[in-house]
Structure formats: C-alpha cells, structure tokens
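Engineer: here's my sequence, what's the structure:
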Amino acid sequence: MSAWRSAVLLCSLMVGCGGGLPEEAIQEDERPQARSPGEEGTDAPEAQWGRVELGTANLVRDIFPPPGDVPPWLTPSPSSLVEFRGRLYFATNFEDGRGGLWRSDGSGSSTVPVKEFPAPPSSVSPVPVSELTRVDTRLFFVAGDAAHGGELWVSDGSTRGTKLVKDVTPGPGDTLPYNLTALGKTLLFFRFVPGTMDAPGRTELWRSDGTEAGTVRVRDMGPDSSLISSQVIVGSTLFFVFTDPVNGTELWKTDGTEAGTALVRDLRPGADSSNPFYLRAVGQEVFFLTQTSDGMSELWRTDGSSSGTVLVEAFPPGPDTYNPRLLGVVGGRCLYLTLTNLSDHRLSLYRFRVDETGAVSKRRIAVLPNPFAGQPDADPYITRFTVAGSKLFFGLAISTSGPAPRDVQLWVTDGTGAGTKLLHRPLSMSDEFETQLYTLDDRILFSGIGEGTGLELWVSDGTEQGTRMLQDVHVGPGSSYPSGFTRVGSSVFFVAEDATHGSELWVLPPRSSLASQ
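Structural biologist: Below is the predicted model:
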C-alpha cells in the first residue's frame, strides 16, 4: 500500500487551472450536444432535480465496528449501493461472515436490515451479499446460506418479499451467479460450472424474471469458456466479450434468448483473438477497440450483424500510437479517444463524430501537457471518466516506475481545444484507491486533495470557479476517501470515513433549489 499526502501542487505547471489549450477553429454544428439521460459511459442517474445548492453531508448510521489501523478499502463497508423504489439499498458483509441486504431513507432510524444472512460454519467460506441489480420492480442480488449455498435472490424491498429465486445447484453447493445485468425487464447472468476429472469447466448464460419457473438457462457457452468483463447495452441487445477455444476472445451479443445469442463476427478467424475492449454505445451501434498479438490496435464499429461490423481506423504499432483508450460518448454522436506518444510522453485527445448518415469524422482536439515528461517512466494515462451535460470529465495520471502515479489531474473538455482545461490537481495519488467521478446533472462529484486536507469531497461544473471542495469530512490532513456515490431522489449517498468512524454510509442532501429563487 502506498498513499500520498502533500500540499496541493501548483496548477500553473505547463497549463494553469481553467486555461484552455490552443486548437484550430471548430464549426458550430460540430459542437457536441448534451447527452441523453442514461447514456453509456456515465454514472448519471435517471431522475433530474435541476440545479440545486448542495447541502452538508452527514453520517447516516454507524453500522460496522471500528476498523483499527487498517486502510478503509480493506475494511467492511456498505457496498453495491443502488436506488430502488425511492430508497437506497445496499449490502453489508462483516468480517465474521455475516451478510445482509439493507435499506435507507437517509436517516439513522430508517437505515435497517431487510434480510440478514448468518455466518456459515467455520469450515465453509461465506458468500458475500453482492451485485444488487434493479430490474423493473424487482431487486436481484447474490447471497448465500447454509441450506442453499451461493445463489440468486430477489426482493420487492420488504423482508417478506425477499426470497431465494432458485436453487440452481441443489443443496449447499454454490451456483455463484455473476455479472448480473438488467436487459429490459429481464435479468441476465452468467454461471460457471466447475470441471471434473472427466470434463472441463464451462460457462452458461441464464435469464430470470424473479420466479423459479422463469429462471432458465439461455445457452451453454461451451467448455473452457469464460466471460470477459467488457459489455454494453444497445436497445434490447447486450454486447459482451467472451472467450472460448474455438473462436478465441471475440465480441458476442444476446437478446436473452438462445436463438439471439451469437458471435457477432470472428475478426481473427479460428482460435486467434481480436481481444475487443472498451465497448461504447454510439447511437444504435457499438464502437470498440481490438488488439492483435503483433501490437496492432484497431477501432471497429458494429450494428450487431457480421456484415455491419467494419473497421473504422487502424493504429499501427509505434511510439505515437501507444495505449489507445475509448472514453465517453457525448450527445450520442461524439466519441472520445486518447493515444499516448512514448517519444514525448504526451497524450493526445481525439474526437470521432458520427453524423446523421453514419459517416465518421476524426479530429485531434488537444495534446495534453506533461510537466514530468523529462523524467523516467513519466507516461500519461487515463484513470476514469464521466459525461455531464455536454462535457467530458476525465482523470489524467502520470506514471512512475512503481505502482503509484506521480500526479493525477482532473480535466474537462467540451470538444474544443479552448474548452479542454485542467480543473484540479491532485486527485487520489494511491495505487489502491482511485478517485471516482460521479455525474450529477451537469456537474460531477469527485474526491480531491486540497491544501491542508486529505482526499475529500469535491464538486465541479467544468469551470475553475465552480471546482471546489464541498466538505472536509475527515477534518484536517486525514482523508475520508469518499466513494460509491449513488443518487436517490434529491440526495446523494456515498461511503466515507471520518476521525471517529470507519467506512460508513453518508448522505449529501440538497440545500435548496436555485431554480425557484
């Protein structure tokens, strides 16, 4: 573990905070428009509260015992936070093996367990409550008990309405569903079936409507197969990356039926792999990157058909095309991509715009400065990103020879050089705790380090003046490590610690509506 503490670095290195980068003129009709609610690539919640003045965060309830001298990311804490039926639901998992599904309205008295799972016998590993997933009027999650092992559970939000969906692996054996995903009003999940002396392990795709009869296997994906984490939903189709001995690692799709579950296109025929990654929804298509064994990276697009899966651009191996990454999609049409140049240790930001005819245009917006470019191993890379309104916010880190970065900065772009600005530095400098960026309408919440404080709760509207610390939760030089931001109605819940408590549930309420003033 390594964490960094110091006074805030001067923003005037290379580019001052709020200063834009030079760029050739951009046409007015090329300016990105505000995204639609729920666009992929952002944690933006569905509800809109308009402009509000944020209030003071407060501890909701002290649930876990004092952690002692242990980093907060290694201690029990509320997890898998999700809004459901106007309340916050979350998981608790204690060190003694107990687990639970909890709910909260934001007050201590309303923060109570819905369903508790006792610790298993000492000879059995506990199955943590996890993967809370809202699907229409049902809340699915994974949990385990002594009689059934780790299985799929469902809740209507009440204790009486929280029940086991189906004991897929009868008895105390574990099914351990994973990658729970809402596709319309259906839950999709994967299951790994362990191998035996006579047969290899295999992966299965399942669906559930919350009933035992409606929880069925969609497709056996074959022996020695496994799911890769990258996925995206476009319309009623889930695109995901999957690997098997026959096709290698390629892009697949499913609509929740056996007939609708198929390989999109084998870009590297046979067992060779195209290794798709960074899937992004752009309109009704998916854009993604691939990388071959010889180091060639390629940008592809697909409409879900084999013939509609076409190459957009290739990035040959070389020092100026290192580590391509797809970021967010703004307005449903503008996709952002970064490339690192290993020769001058700088990162270039590009925008790919898809017009009404489907034609793609590419534009380099900016080359981001690197004040450490003359030092060894000082390569820039993107940490996290989110879209808020018509702007893309992203974290830019500068590497070292070790695991922890030497600098992490918050940037914003509106798709122009002048609108590409450094907002704040530093963010989290730990290699074990990364700053999260959370969309709040046209602003973001994030954790940043200020002068005389540790890692605390900040807000930004994309301007230098509108980027500020909201609250020093862990007063003084200590850090509160805010994370897990989840919006419920007009409040935002998150997990943080202070000088007295370990990682606990906090709530940030609105103070008043500016629109009504």
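Engineer: what's the distance between the nearest residue to residue 409 once chain neighbours are set aside and residue 461?
Structural biologist: What sits nearest to residue 409 in space, not counting adjacent residues and going by Cβ to Cβ, 6 or more residues apart in numbering, is residue 425, at 4.3 Å. Heads up, the C-betas are built off the backbone N, CA and C, glycines and all. Here the criterion is Cβ to Cβ, to the nearest Å. By it, residue 425 lies 17 Å from residue 461.
Engineer: likewise for residue 451?
Structural biologist: From residue 451 to residue 461 the distance is 21 Å (Cβ to Cβ).
Engineer: of those two, who's got more company?
Structural biologist: Shown here are residue 451 and residue 461; by other Cβ atoms under 10 Å, residue 461 has more neighbours (20 against 8).
Engineer: roughly how far apart are the more buried one and residue 391?
Structural biologist: Using Cβ to Cβ, one obtains 9 Å as the distance from residue 461 to residue 391.
Engineer: any shared contact partners between those two?
Structural biologist: Jointly contacting residue 461 and residue 391 under the rule Cβ atoms under 8 Å, 6 or more residues apart in numbering are residue 442.
Engineer: for the residue nearest to residue 409, the count of nearby residues, please.
Structural biologist: Residues contacting residue 425 under the criterion other Cβ under 10 Å number 22.
Engineer: now it, what are its backbone angles?
Structural biologist: With angles defined as degrees, to the nearest 10, residue 425 sits at phi -150, psi 140.
Engineer: ok, residue 72 next?
Structural biologist: phi -60, psi -30.
Engineer: and the nearest residue to it once chain neighbours are set aside, how many neighbours does it have?
Structural biologist: Counting by Cβ to Cβ, 6+ apart, residue 503 is the residue found nearest to residue 72 once chain neighbours are left out, at 4.5 Å. Using other Cβ under 10 Å, the number of residues around residue 503 comes to 25.
Engineer: mind listing what residue 503 touches?
Structural biologist: With contact taken as Cβ under 8 Å, 6+ apart, residue 503 is in contact with 64, 67, 72, 73, 75, 76, 77, 78, 481, 495, 496, 497.
Engineer: try residue 210
Structural biologist: So residue 210 contacts 135, 138, 140, 154, 165, 187 (Cβ under 8 Å, 6+ apart).
Engineer: between those residues, which has the most around it?
Structural biologist: Neighbour max across the contacts of residue 210 (other Cβ under 10 Å) = residue 187, 27 neighbours.
Engineer: show me what it is bridged to.
Structural biologist: Using DSSP bridges, the bridge partners assigned to residue 187 are residue 182, residue 208.
Engineer: what about it, distance to residue 496?
Structural biologist: Residue 187 is 31 Å from residue 496, by Cβ to Cβ.
Engineer: tell me what the helix or strand containing residue 278 is packed against?
Structural biologist: Secondary structure assigned from DSSP states H and E places residue 278 in strand 277-282. On a contact count with 3 or more Cβ pairs under 8 Å, 6 or more residues apart in numbering; DSSP states H and E, strand 277-282 meets strand 226-234, strand 237-244, strand 285-291, strand 322-330.
Engineer: sorry, back to before: buried among the contacts of residue 503? Need that as a selection in PyMOL.
Structural biologist: Remark: buried members of the contacts of residue 503, expressed as a PyMOL selection using 16 or more other Cβ atoms under 10 Å:
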select buried, resi 64+67+72+75+76+77+78+481+495+496+497
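Engineer: any idea how far the closest residue to residue 470 other than its chain neighbours lies from residue 72?
Structural biologist: Nearest residue to residue 470 in three dimensions, chain neighbours excluded: residue 457, at 4.6 Å (Cβ to Cβ, 6+ apart). Remark: distance between residue 457 and residue 72 (Cβ to Cβ) = 14 Å.
Engineer: do the same with residue 490
Structural biologist: Per Cβ to Cβ, residue 490 is found 27 Å from residue 72.
Engineer: just to revisit the earlier point, partner strands of the strand holding residue 278, parallel or antiparallel?
Structural biologist: Strand 277-282 has these strand partners (DSSP bridges): strand 285-291 (antiparallel).
Engineer: okay, the angle between the strand it pairs with and strand 322-330?
Structural biologist: In terms of direction (axes from the mean of the first three to the mean of the last three Cα atoms, to 10 degrees), strand 285-291 departs from strand 322-330 by 170 degrees.
Engineer: contacts for strand 285-291 next, please.
Structural biologist: Applying Cβ under 8 Å, 6+ apart, the contact partners of strand 285-291 are 230, 232, 234, 239, 251, 267, 274-280, 297-304, 312, 324-326, 335, 352, 354.
Engineer: now do the strands in the stretch 351-500 of the chain.
Structural biologist: Under the criterion DSSP state E, counting those that start in this stretch, the stretch 351-500 of the chain contains strands at 360-368, 380-388, 391-398, 407-413, 421-424, 437-440, 443-449, 455-460, 468-471, 483-488, 491-496.
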